[in-house]
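> heads up, no residue letters with this:
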């Protein structure tokens, strides 16, 4: 089995794919520094820029690899970003990825040339891909929030009363968008699903996934580290589901105590094979990890009486199977599931279950989970 799952921090920025190169493997993940507040309080973005005499330098969480905006000017960046998204886009696209590239580039160019320094020189080319991914995540969030506000206003006040956060043209496009048959149908299905789940939401939105599946399985029935040798172990017959925060960076250690080769596969991800060695794994082995040109793969072999170490970021939301590739071993229990839930509950991270999906077994009569939104 996977003997060790050593957790690090949970981030909330960065791109949607696994790290794109060996240089993107963080060795000692640290939490993003807290936001700073102080001497700029009370000044708007343009006043701060005029006072500084140059574009405001933005800081990014490059150490934690979340590439979330941090530092003195992150609140100004967020506010200006929201204004520019409303100014240069129209609320008639299903999601941010469908917004014309010309509009996206216009927003980025305006921010970089006039108000902010995003750090091309300060951070170097090695971090620019991550920084641009973090910026795109922020733009998508602002666009989604804007459309949500428009829809709420339209639902409450009707089409005659324009939402104050958009122009007449944008308002008309929003009305046409939300009246599309496919959008209307999805909205009806979402409302019905929310009604079914009403009784599950009393504990708060964070408890919905746990409450929904409490009759099916329990999270984290195994711990991150195996018990000490000689410790009595209680055998439990139940589904083995490990919960992981979205975009959490982890290290997984496989140990093979048998006399034959083992092979392990992780669905939904590519990971970096950082080390293979003889005997049992220990923390001292980390100094031998290959952090320069580790191979990205989705299956790894573990030799007899040996161990293998892999590194990856759980940035693909869903329920994923980690299993032995040997059928007889898998049948005997050498597999588990890893549940990765996105706190944003956005279609950018995970699709909804199809409306016509067939349910069976113990979940047959359970309602669908709360639908994700744009």
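Right, received. Where do you want to start? Here the structure is a predicted model, which is why all the values come from computation and not from measurement.
> what residues are up against residue 258?
If a contact means CB atoms under 8 Å, 6 or more residues apart in numbering, then residue 258 has residue 304 as its contacts. All C-beta atoms are positioned from the backbone trio N, CA, C, and that covers glycine.
> Tell me where the stretch 151-300 of the chain has helices.
Chain-ordered helices for the stretch 151-300 of the chain, with DSSP state H, counting those that start in this stretch as the definition, fall at 168-178, 181-196, 208-212.
> Tell me the helices and strands packed up against the second one.
Applying 3 or more CB pairs under 8 Å, 6 or more residues apart in numbering; DSSP states H and E, we find helix 181-196 packed against helix 168-178.
> Walk me through the domains of the chain.
Using automatic domain parsing, the domain parsing of the chain gives 32-196, 205-343.
> Make TSV out of those domains and add distance to residue 360 and mean pLDDT.
As requested, these are exported to TSV (distance: least, CB to CB, whole Å; pLDDT from 0 to 100):
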stretch	distance to residue 360	mean pLDDT
domain 32-196	18	81
domain 205-343	12	86
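> Spell out the secondary structure type for residue 75.
Using DSSP: H, G, I helix; E, B strand; the rest coil, the structure places residue 75 in helix.
> Can you get me a residue count around it?
One way to gauge burial is a neighbour count; for residue 75, by other CB atoms under 10 Å, it gives 15.
> Then the one 4 residues further on?
Neighbour count of residue 79, defined by other CB under 10 Å: 13.
> ok, for it, nearest residue in space, not its chain neighbours?
Counting by CB to CB, 6 or more residues apart in numbering, residue 45 is the residue found nearest to residue 79 once chain neighbours are left out, at 7.0 Å.
> still on that earlier bit, of all the helices of the stretch 151-300 of the chain, which one is nearest residue 92?
Closest approach to residue 92 among the helices of the stretch 151-300 of the chain (CB to CB): helix 168-178, 4.1 Å.
> Name the residues of the closest one that come out as buried.
170-171, 173-175, 177-178 (16 or more other CB atoms under 10 Å).
> ok, these vs residue 299, which is closest?
Proximity of the buried residues of helix 168-178 to residue 299 was ranked by CB to CB; the top entry is residue 177 with 43.4 Å.
> OK, contacts around residue 146?
The neighbourhood of residue 146, defined by CB under 8 Å, 6+ apart, consists of 82, 85-86, 91, 165-166.
> how about it, phi and psi?
Main-chain dihedrals, residue 146, degrees, to the nearest 10: phi -60, psi -50.
> what do you get for residue 301?
Backbone dihedrals for residue 301, given as degrees, to the nearest 10, come out at phi -100, psi 140.
> Could you export the helices of the stretch 151-300 of the chain as TSV, including distance to residue 283?
As requested, the helices of the stretch 151-300 of the chain are exported to TSV (distance: least, CB to CB, whole Å):
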stretch	distance to residue 283
helix 168-178	54
helix 181-196	46
helix 208-212	31
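> picking up where we left off before, tell me how many other residues crowd the residue nearest to residue 79.
Here the number of neighbours of residue 45 (other CB under 10 Å) works out to 19.
> again with the one 10 residues further on
The number of residues packed near residue 55 is 16, by other CB under 10 Å.
> how close does it sit to residue 346?
Remark: distance between residue 55 and residue 346 (CB to CB, to the nearest Å) = 30 Å.
> next one: residue 312
In terms of CB to CB, residue 312 sits 21 Å off from residue 346.
> who has more neighbours, those two?
With neighbours defined as other CB under 10 Å, residue 312 and residue 346 compare such that residue 312 has more, 22 against 18.
> Give the pairing partners of the helix or strand where the more buried one lies; include direction for each.
Residue 312 is part of strand 306-314 when elements are defined by DSSP states H and E. Each strand that strand 306-314 pairs with, and the sense of that pairing, follows from DSSP bridges: strand 248-256 (antiparallel), strand 271-278 (antiparallel).
> out of these, which comes closest to residue 295?
Comparing the strands paired with strand 306-314 against residue 295 with CB to CB, the closest turns out to be strand 271-278 (5.3 Å).
> how about the closest one: buried residues?
Within strand 271-278, the residues that count as buried by 16+ other CB under 10 Å are 271-276.
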